[in-house]
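1. have a look; sequence and predicted model below, questions after that.
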Amino acid sequence: MRVVQLRQHGGPEVLEVMEVPAPKAGAGQLLVDVAAVGVNFADVYQRQGVAPYAADLPAVPGQEGAGTVAALGPGVEGFAEGDRVAWMGVPGSYAEQVLVPADRAVPVPEGVDFPAAAAVMTQGLTAHYLSHTTHPVAAGEVVVVHAAAGGVGLLLTQLVKIRGGVVVATTSSDAKADLARQAGADHTARYDNFAEVVRGVTGGAGAAVVYDGVGRATFDDSLAALRLRGLIVAYGTSSGSLPPLDTERLASGGSLYLTRPTLPQHVASRADLLGRSGDLFEWLAAGRLSIRIGATYPLGDAARAHADLEGRRTSGKLLLLPR
């Protein structure tokens, strides 16, 4: 079978397509014929050798995808050959076939195609735990979604709206603001004035929660945009890590809360993984949730996919299609 292999760290050009022996399913594993693979910045960081994403070389990048079960390893129950499945957090997914631990595979209903299933796993599960667990959005609550035209942002905006929340979406351009509005955002703002927009929307009270995947560049204004006892959810740091925080800032801001959640702890149990992914697939099948796929590439064009992702030349999810 063909895989994309990383034998040295560097630019997109170090990604090589190679023929390797097809794997065999071991105990507790599914052998899956891969139909679609998500391309994420974590894959770029792995290629570059950035900690903690760097892996021992040679390595096959990728960690999410969808496809059809080709074979079952010993001891696997609840799956059959031909089943449609998706996964996240499984290394080596840039390949025509992948070994997926059965307890990490989730069923994909017939109403959801493989590209959508692969595209929604990591970013959709992140949006789900943010809006349903970290801060379960209540009807009528005003929330801020930073980078609302990004992969997580577009999904998070939709999930907040499913819960009845009011979204103030931050973006960096008019075109991205249009994407956020198409996803359901009630108000849009730039990064330099969103706190002012929030105060106007809430009559000066502030937002219940700020979902902040940007980090250093937005943190101060995010604190200023919160209501009394409001919550800042710092789930990413695309602009850089947060500086050391004097907790007195939380006190003086109005008894504010700060949390730094991550996805693995929110899908650690199989029940959580199935529950969250089941919600996402149900909403996709019913047309209540849409996933924006920005571009698709043959497996052999993985280097071009990485270059386009790093160069911000696309919007929405990028996918590799091995078959």
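-> Sure thing, it's come through. Residues are numbered from 1 along each chain as shown.

2. every contact and neighbour count from this point should use C-alpha atoms.
-> Fine.

3. longest strand of the chain?
-> If you go by DSSP state E, the chain has its longest strand at strand 29-39.

4. packing partners for it?
-> strand 64-72, strand 97-101, helix 114-129, strand 317-321 (3 or more CA pairs under 8 Å, 6 or more residues apart in numbering; DSSP states H and E).

5. so which of these gets nearest residue 253?
-> Among the helices and strands packed on strand 29-39, helix 114-129 comes nearest to residue 253, with 25.6 Å by CA to CA.

6. using PDB, write down the CA coordinates of the closest one.
-> Presented in PDB, the C-alpha positions along helix 114-129 are these (Å, rounded to 0.1, in the frame of the first residue of the first chain):
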ATOM      1  CA  PHE A 114     -16.600   9.900   4.300                       C
ATOM      2  CA  PRO A 115     -15.100  13.400   3.600                       C
ATOM      3  CA  ALA A 116     -17.500  15.000   6.100                       C
ATOM      4  CA  ALA A 117     -16.900  12.300   8.600                       C
ATOM      5  CA  ALA A 118     -13.100  12.700   8.400                       C
ATOM      6  CA  ALA A 119     -13.400  16.500   8.400                       C
ATOM      7  CA  VAL A 120     -15.600  16.800  11.500                       C
ATOM      8  CA  MET A 121     -13.700  14.500  13.900                       C
ATOM      9  CA  THR A 122     -11.000  16.500  15.600                       C
ATOM     10  CA  GLN A 123     -12.400  20.000  15.100                       C
ATOM     11  CA  GLY A 124     -16.000  18.900  15.600                       C
ATOM     12  CA  LEU A 125     -15.300  17.000  18.800                       C
ATOM     13  CA  THR A 126     -13.400  20.100  20.100                       C
ATOM     14  CA  ALA A 127     -16.400  22.300  19.300                       C
ATOM     15  CA  HIS A 128     -18.700  19.900  21.000                       C
ATOM     16  CA  TYR A 129     -16.900  19.700  24.300                       C
END
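
7. partners of whichever helix or strand comes after that helix in the sheet?
-> For helix 114-129, the following helix or strand on the C-terminal side (DSSP states H and E) is strand 142-145. Using DSSP bridges, the strands paired with strand 142-145 are strand 166-170 (parallel), strand 207-212 (parallel).

8. show me what counts as buried in the helix or strand that strand 142-145 is followed by.
-> Next along the chain after strand 142-145, taking DSSP H and E as the criterion, comes helix 151-162. Neighbour counts using 16 or more other CA atoms under 10 Å place 151, 152, 153, 154, 155, 156, 157, 158, 159, 160, 161, 162 of helix 151-162 among the buried residues.

9. now do the contacts for the fourth one.
-> It stands for residue 154. 148, 179, 180, 183 (CA atoms under 8 Å, 6 or more residues apart in numbering).

10. go again with 6 Å.
-> Contacts here follow CA atoms under 6 Å, 6 or more residues apart in numbering; on that basis residue 154 touches 148, 183.

11. quick one: it from residue 97, how far?
-> 30 Å (CA to CA, to the nearest Å).

12. kindly report the same for the first one.
-> As defined by CA to CA, residue 151 lies at a distance of 25 Å from residue 97.

13. what does residue 90 give?
-> Residue 90 is 12 Å from residue 97, by CA to CA.

14. kindly confirm my reading that residue 44 is in a helix.
-> Yes - assignment of residue 44 by DSSP: H, G, I helix; E, B strand; the rest coil places it within a helix.

15. grab the nearest non-local neighbour of it.
-> residue 306 (6.7 Å; CA to CA, 6 or more residues apart in numbering).

16. could you give the mean pLDDT of the helix or strand hosting the one you found?
-> Per DSSP H and E: residue 306 is located in helix 302-310. In this model, helix 302-310 has an average pLDDT of 94.

17. do I have it right that residue 318 meets residue 295?
-> Yes - judged on CA atoms under 6 Å, residue 318 makes contact with residue 295 at a distance of 5.1 Å.

18. the more surrounded of the two?
-> Legend: neighbour count by other CA atoms under 10 Å for residue 318 and residue 295, higher for residue 318 (24 against 15).

19. give me every residue that touches that one.
-> With CA under 6 Å, 6+ apart, residue 318 has these contacts: 39, 294, 295, 296.

20. okay, who's weakest in these by pLDDT?
-> For the contacts of residue 318, the pLDDT minimum is residue 294, 88.
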